[in-house]
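# Based on what follows, work out the 3D shape:
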Amino acid sequence: MFTTTRRRAAALIAGFTMVAGAAFAEYPERPIQLIVPYPAGGGTDIVARTLAVELEKELGQPVSVVNRDGGGGIPGQTAIARARPDGYTIGLIASDISLYKPQGLAPLTYADMTAIGQTNELAGSVTVSVDSPYQSMEELVAAIKANPGTIKGTGAAPGASWHAGFLGLMFALGLSPDDVIWVPTQGGTKGHLDVAAGNSDFSTASLVEARALVEGGKLRPLATMAAERVDIFPEVPTLREQGIDYTYGLWHGVTGPKGLDPEALEVLSKAVEAAANSESFVETLQERGFKHVWRPGAEFEAFMAEDLEKMQVIFDQLEK
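Numbering: from 1, shown residues only. All right, here's what the predicted structure looks like:
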C-alpha cells in the first residue's frame, strides 16, 4: 500500500511538472509564418525570403514565407492584422499600407498592427529614354509647364506606389497632376520599359527597377527621389540637389497582429533587429539596390504614422 501511494504521488508530481512545463514553455515552440502580401519574386518577397533565412538562425525555428497576394496588398496585410496574436504569424508589409485609407480603399492602417521593425527603403526616381530631349529635371519641368496635358508619365497603376510619388512631385512643383497624362502600368519595371520603348516620356518608379535598362543604355535617369544619392547610381543627383524639395520612396518592415503577446514581441523584436542588421541581409539588399534602414518598433510606428499623414495630404489635394 505504501508503495502504491508513493507511485501515485510520483505520477501526480510528474503530471504537474509536464503541465507546468507546458505553461511556461519559452516562445517560440514551433515554426513561424511570415506573410508577404505580394506575389513571389517581387521586391517585397525578395526582402522577406532573405530576412526569413536570418530569422531562422535567431529564433531556432523554421520561418515559412507565405505569399497572400492580390488586391493591391489589402488581403495579405489584413491577414497579418487579423492573425492570432501569439507570435506565430507575422508579416513583411510595404508602404502601400499608407495608401488605403486616404483613397477610401480600406480602413486598414499601420495602427491595426504591432510594429516590430523597419528593414529598408526604395526611393523613386525620374527616368527618360536616352533619346529624350530632356537632359535635366529643369528641362522636363519646363516642358510640362509649356505643354500641359501633352507630356506622358508612367510607373504604376493610378493610386499605387509610384503614382503616389508622381502626385507628390507635381504638388511639390506647384503643378496639377492633370498637366501630365498618366499612363497606367502594372509595376515600375513595366513603366520603365514603356519609357524605353518611347511610349511615355518619363517614369517615376525606382532606379532599382530601371537598373538593367540604364546599364543597357536604354534609359537616362534625371533624378532620384531619395534624400541622398543612391549607392548603385552615385552620379544621379537628388531632386533636392536640383532645387526641388521633395523625397519619396517605398519601404518595408515587419509587423504582427495588434495586441501581440508581450513575450513573443520581446523575442521577435530582438530577432528581427539582429536579422535585419546581419551582414548577409544588408549585403543582399545593397547588391539589389535597396537602402538598408533599421527602425525599431516604436520608431517604426512613428514613421508609419508620419507616412500615412503625408499620403493623406497628397490625396486630399487631389480631390480639391
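# Could you pull out the buried residues of the lengthiest strand in the chain?
Longest strand in the chain by number of residues (criterion: DSSP state E): strand 113-123. Buried residues in strand 113-123, counted by 16 or more other CB atoms under 10 Å: 113-123. Backbone N, C-alpha and C define where each C-beta goes, glycine included.
# Neighbours of Y134, how many?
Neighbour count of Y134, defined by other CB atoms under 10 Å: 20.
# And for T44?
25.
# Now do it against D96, distance only.
9 Å (CB to CB, to the nearest Å).
# what's the domain layout of this structure?
Here the chain is described, according to automatic domain parsing, as comprising the domains 32-122+250-319, 125-242.
# measure the shortest one end to end?
Just to be clear, that refers to domain 125-242. Taking CA to CA, to the nearest Å, domain 125-242 runs 13 Å from one end to the other.
# chain center to that domain: distance?
20 Å (CA atoms, centre = their mean, to the nearest Å).
# that older thread, direction included, what does the longest strand of the chain pair against?
strand 249-257 (antiparallel), strand 291-296 (antiparallel) (DSSP bridges).
# Format these as a markdown table; extra columns: mean neighbour count, distance to G168 and mean pLDDT.
Shown next, in a markdown table, are the strands paired with strand 113-123 (neighbours: other CB atoms under 10 Å; distance: least, CB to CB, whole Å; pLDDT from 0 to 100):
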| stretch | mean neighbour count | distance to G168 | mean pLDDT |
| --- | --- | --- | --- |
| strand 249-257 | 25 | 11 | 97 |
| strand 291-296 | 18 | 18 | 96 |
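# right, and the ones you listed - which one's nearest L213?
Smallest distance to L213 across the strands paired with strand 113-123 (CB to CB): 18.8 Å, for strand 249-257.
# Against which helices or strands is the very next helix or strand once past that closest one packed?
On the C-terminal side of strand 249-257, the closest following helix or strand by DSSP states H and E is helix 262-276. Using 3 or more CB pairs under 8 Å, 6 or more residues apart in numbering; DSSP states H and E, the elements in contact with helix 262-276 are helix 43-59, strand 113-123, strand 249-257, strand 291-296.
# now the helices for the stretch 101-250 of the chain?
With DSSP state H, counting those that start in this stretch, the ranges of helices along the stretch 101-250 of the chain come out as 137-146, 161-172, 188-196, 207-215.
# Fine by me, we can end here.
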